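[1] Got a predicted structure here, sequence first:
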Amino acid sequence: MGEVFRAFDTKLNRPVAIKFLSPTLADEPARRRFQREAQMVSSLNHPHILTVYDAGETGGKQYLVTEYVDGGTLREWSAEEKRTWQQVVELLTGVADGLAAAHAANILHRDIKPANILVTESGYAKLADFGLAKREALSGQEETATLTGVIAGTAPYMSPEQASGGQLDARSDIFSFGIVLYEAVAGRRPFSGKTTLETLQNVVHGTALPLGEDIPGSLKVIVERALQKDPSERYQSMREMVGELRRLLRQPESPGMPARLPQIWIWAAAVALLLVAVAGAWRFWLRPASSQQVRSIAVIPLKNLSGDPSQEYIAEGATEELIANLGQIHAFEKVISRTSSARYTNTAKSMPEIARELGVDAIVEGSIQRGGGRTRVRVRLVSDTDAQLWSQAYDREGGDLLGIETDVARAIAQEIRAQITPQEREHLARAGKIDPAAQEAYLLGAYHVLRETEPDLRQAIEYFEKAIRLQPDYAPAYAGLSAAWQDIGAFGWAGFHTTDQPARQAARKALELDSNLAAAHGQLGKVLMLYDWDWSGAEREMRRAVELDPNSLLARVTLGDLLTALGRFPEALEQKRRAVAVDPLSAVAQSSYGRTLYRARRYQEAIPPLQRAIELEPQVTLHPDRLADVYERMGRIEKALPIRQKNAEESSSYTLASLSRIYARLGRIKEAQVTLAKAIRAEPPNTLSLGLAYFALGDKDRCFEWLNKGVDDRQNVIFWKVDPQLDPVRSDPRFQALIARLKMPETR
């Protein structure tokens, strides 16, 4: 249908692909199909579906602008080298998931084939070319042929009903996907012929040759079911097939096991299994500890044995990186984040107690010591029953700490037989090739970012920049640099115009260097959300971050914040609940969950998680401030006032202005005015709270001066559409004009 060109987007500084409708197909039906492709693909938001950035017409020629995929097609990927069946299934399961998402939106692709599956250099697949797609709900209103007597699709990859010109539904795409899967693992098509007509005849009536003996029986069953001629005998949904493929990857079986056995052999196998079970029970207590299934894990902070407190950042950084490496191995369903596990530093509690409190199957603990030009790390893996599953000591010249961390992550995964995907192997390999001096600077930067004070954040920027000077291709250092700049802006220590470009450029550079770095996608998503108000772009990046590292507290919380801002509360709360599951002892996770419940007007439900956050971090004023917001909206001023008065001792603009607002509501006008004057002098100013304080005092003009300043400065305005504090001003046309500037889509 089109001609595709590689191009460069000079506005957003990125490579793109531009597809023009072929001049030979510029009739009205083709133009409609091209427009329909743009509309349907842009309505889908999935990491394994090619993203459409723009569509339009110039000089009478229609075009689509999409993301640029830097590899080739599935066929080229398969031809580069001999691929194992595991590699094929790992790659295509993502495509299957993308196709399931399209079906959920009632979109049929109708042209699934290797040429329409693009693969990045890093081995990440994207489903492309929806030129023949149609909405299933419109079946019967659209033609099934492009021309009379010509069936839409590509002959070797059609379903029997498609080849016969019959009615199609999602099961037709399932058949085509089955052909692609068969070809990718076998190296040949299941149905072929010397002519197109002969090929179509074989699709409708022929039988595929059996897959080789090196293919496991369960995969043969999956392919065989997808290729059933009768649609009622196939998988009835793509989601069902995705589940089968994922189970196959989690529990690979020996190659060559036949897909179906005669009945007598089934009975024989059952008897054999029973005997094995009896023998296994007899030897239960003699089995190796490492055979225990480990699906969830926590890393207790590594002990600093150097005797030098100034080297504490090394132990802390090493712990953080080990958690990050384990978190990106998808075989682990849960990897507890640092803030929860950090509570067990130097604890007297036993490993079973810690495992029970964190809800994990196993604990990683150990120590680190640097000195005399050597790095020594000792690590062990302990089960929730206190059995030692694995231990290892590493002793290396120089400061190759990241190399040790990646070795530890690989060793743990291997010990518990957790399968590592090619993308995860690539990530671990890249992480282990860092100059020790650059790594040292990076760890210092990460250490200072966690402190969240202005001096610490500016120190972090210096360390990240040093790491980049020492190793210009150090992607995590760029992601850290972006985070530090964004935090300086978020806390109000620098304006939007100061932090925008350095934060944006660092995030994009991190992605350019490592497209599978979850932190880079997350930081770019925050830039798009906070600075550009590009809601769809931000959601795409944040969902990719969560997909790459589902155990990241930051990724879950950030995605939840975006969904909250858009008013999509059920989705937002699901992400916040998952954040709490990832980090059950994190005050940040609890407080963020409570804040989203508050913004959803579920005030009573918001109180327990906010109280839990206060218990976990009693020294932090943010959590009680949020609880006071809940009480204030519930009309329980007698509970909100003491919190405001106590927190006002910190003299921040937010707490003082919030206290001024309560005084005004109580009619204590003089106290409200005095407190507001202090709030204005406090640095940095909180524009929202100052504006609402003026509104409570009856000065609407001054209120909107501050609110306009907040939008101009991008000062945490993304929640204004849903924030209950703004309900009193919501009907004012000036407020509606401010919300319009945020370019938010309608809540779905």
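    Nice, I can see it. Numbering: from 1, shown residues only.
[2] okay, CA-based contacts and neighbour counts for the rest of this
    Noted.
[3] Next, report how far the helix or strand encompassing residue 197 is displaced from the centre of its chain.
    In the assignment (DSSP states H and E), residue 197 maps to helix 196-205. Its chain's C-alpha centre and that of helix 196-205 lie 42 Å apart, by Cα atoms, centre = their mean, to the nearest Å.
[4] How about stretch 348-366?
    Its chain's C-alpha centre and that of stretch 348-366 lie 27 Å apart, by Cα atoms, centre = their mean.
[5] Give the buried residues for it.
    In terms of neighbour count (16 or more other Cα atoms under 10 Å), stretch 348-366 has its buried residues at 351-352, 354-355, 358-366.
[6] quick one: terminal-to-terminal distance for that stretch?
    Stretch 348-366 has its terminal residues 15 Å apart, counting by Cα to Cα, to the nearest Å.
[7] ok so, going back, tell me which residues in the next helix-or-strand element following the helix holding residue 197 are buried?
    The helix or strand immediately downstream of helix 196-205 is helix 217-226, counting by DSSP H and E. Buried residues in helix 217-226, counted by 16+ other Cα under 10 Å: 217, 218, 219, 220, 222, 223, 224, 225, 226.
[8] same check, this time on stretch 494-513
    Going by neighbour count (16+ other Cα under 10 Å), the buried part of stretch 494-513 is 494-496, 499-500, 502-511, 513.
[9] Assign the closest residue to residue 342 other than its chain neighbours to helix, strand or coil.
    With Cα to Cα, 6 or more residues apart in numbering as the criterion, residue 342 has its nearest non-adjacent residue at 5.9 Å, and that residue is residue 301. Counting by DSSP: H, G, I helix; E, B strand; the rest coil, the backbone at residue 301 sits in coil.
[10] For the helix holding residue 197, output the C-alpha coordinates as PDB.
    C-alpha atoms of helix 196-205 as PDB (Å, rounded to 0.1, in the frame of the first residue of the first chain):
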ATOM      1  CA  THR A 196      -0.700 -18.700  -5.400                       C
ATOM      2  CA  LEU A 197      -3.700 -20.800  -6.200                       C
ATOM      3  CA  GLU A 198      -1.900 -24.000  -5.100                       C
ATOM      4  CA  THR A 199      -0.800 -22.300  -1.900                       C
ATOM      5  CA  LEU A 200      -4.400 -21.200  -1.100                       C
ATOM      6  CA  GLN A 201      -5.600 -24.800  -1.800                       C
ATOM      7  CA  ASN A 202      -3.100 -26.100   0.700                       C
ATOM      8  CA  VAL A 203      -4.100 -23.500   3.300                       C
ATOM      9  CA  VAL A 204      -7.700 -24.600   3.000                       C
ATOM     10  CA  HIS A 205      -7.200 -28.300   2.600                       C
END
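[11] How about residues contacting it?
    By Cα atoms under 8 Å, 6 or more residues apart in numbering, the residues outside helix 196-205 that reach it are 155, 156, 158, 159, 160, 161, 163, 164, 191, 192, 193, 229.
[12] Same check on stretch 50-68?
    Where contact means Cα under 8 Å, 6+ apart, the residues beyond stretch 50-68 that reach it are 6, 15-21, 23, 31, 34, 38, 41-42, 45, 126-128.
[13] mind checking how far that stretch is from the chain centre?
    26 Å.
[14] Okay, now it: how far is its last residue from its first?
    End-to-end distance of stretch 50-68 (Cα to Cα): 9 Å.
[15] Starting from the helix or strand residue 489 falls within, tell me the next helix or strand along the chain.
    For residue 489, the host element (DSSP H and E) is helix 475-490. Using DSSP H and E, the next helix or strand after helix 475-490 towards the C-terminus is helix 496-513.
[16] one step back: so how do I select the buried members of the contacts of stretch 50-68 in PyMOL?
    Remark: buried members of these, expressed as a PyMOL selection using 16+ other Cα under 10 Å:
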select buried, resi 16+17+18+19+20+21+31+34+38+41+42+45+126+127+128
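[17] mind listing which of the contacts of stretch 50-68 are in strands?
    Cross-referencing these against strands under DSSP state E gives 6, 15, 16, 17, 18, 19, 20, 21, 126, 127.
[18] of all those residues, which two lie farthest apart?
    For the ones in strands among the contacts of stretch 50-68, the farthest-apart pair by Cα to Cα is 21 and 126; their separation is 20.9 Å.
[19] can I get the CA coordinates of the helix holding residue 489 in CSV?
    What follows is helix 475-490, C-alpha atoms only, in CSV (Å, rounded to 0.1, in the frame of the first residue of the first chain):
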residue,chain,number,x,y,z
ALA,A,475,23.1,5.1,29.9
PRO,A,476,22.1,4.8,33.7
ALA,A,477,24.2,7.9,34.4
TYR,A,478,22.1,9.9,31.9
ALA,A,479,18.9,8.5,33.4
GLY,A,480,20.1,9.6,36.9
LEU,A,481,21.1,13.0,35.6
SER,A,482,17.6,13.4,34.1
ALA,A,483,16.0,12.4,37.5
ALA,A,484,18.2,14.9,39.4
TRP,A,485,17.3,17.8,37.2
GLN,A,486,13.6,16.9,37.4
ASP,A,487,13.7,16.7,41.2
ILE,A,488,15.2,20.1,41.4
GLY,A,489,12.3,21.5,39.4
ALA,A,490,9.7,19.4,41.2
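[20] ok, residues contacting that helix?
    For helix 475-490, using Cα under 8 Å, 6+ apart, the contacting residues are 442, 445-446, 449, 452, 454, 457-458, 460-461, 464-465, 467-468, 494-496, 499-500, 502-507, 509-511, 513-514, 517, 519-520, 523, 527, 715-716.
[21] cool, stretch 532-544 as well?
    Against stretch 532-544 from outside (Cα under 8 Å, 6+ apart): 45-47, 518, 521-522, 524-529, 555, 558-559, 562, 718, 742-745.
[22] Of those residues, just the buried ones, PyMOL syntax please.
    A single PyMOL command selects the buried members of the contacts of stretch 532-544 (16+ other Cα under 10 Å):
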select buried, resi 45+46+47+518+521+522+524+525+526+527+528+529+555+558+559+562+718+742+744
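[23] pLDDT wise, what is the residue nearest to residue 212 when sequence neighbours are not counted at?
    With Cα to Cα, 6+ apart as the criterion, residue 212 has its nearest non-adjacent residue at 7.1 Å, and that residue is residue 186. Looking at residue 186, its pLDDT reads 90.
[24] which secondary element of the protein has the worst mean pLDDT?
    For the chain, counting by mean pLDDT, DSSP states H and E, strand 145-147 ranks last in confidence among helices and strands (a mean of 35).
[25] Confirm residue 369 sits in a helix?
    No. Residue 369 sits outside any helix when classified using three-state DSSP, being strand.
[26] How about the helix or strand containing residue 175, which residues are buried there?
    Using DSSP H and E, residue 175 sits in helix 170-186. Residues of helix 170-186 classed as buried by neighbour count (16+ other Cα under 10 Å): 170-186.
[27] One more: stretch 595-603?
    Neighbour counts over stretch 595-603 (16+ other Cα under 10 Å) mark 595, 596, 597, 598, 599, 600, 601, 603 as buried.
[28] among those residues, which are in helices?
    Restricting the buried residues of stretch 595-603 to those inside helices, with DSSP state H as the criterion, leaves 595, 596, 597, 598, 599, 603.
[29] for the stretch 551-700 of the chain, what spans make up the helices?
    Applying DSSP state H, counting those that start in this stretch to the stretch 551-700 of the chain gives helices spanning 553-565, 569-582, 587-599, 603-616, 622-633, 637-647, 653-665, 669-681, 687-696, 700-712.
[30] Tell me which of those lies nearest to residue 111.
    Residue 111 lies closest to helix 569-582 among the helices of the stretch 551-700 of the chain, at 31.6 Å (Cα to Cα).
[31] Give me the residues contacting stretch 597-613.
    Applying Cα under 8 Å, 6+ apart, the set of residues contacting stretch 597-613 from outside is 564, 567, 569, 573, 586-588, 590-591, 593-596, 623-624, 626-627, 630-631, 633-634, 722-724.
[32] Only the buried subset of those, as a PyMOL command please.
    To isolate the buried subset of these in PyMOL, counting by 16+ other Cα under 10 Å, use the following:
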select buried, resi 564+567+569+573+586+587+588+590+591+593+594+595+596+623+624+626+627+630+631+633+722+723+724
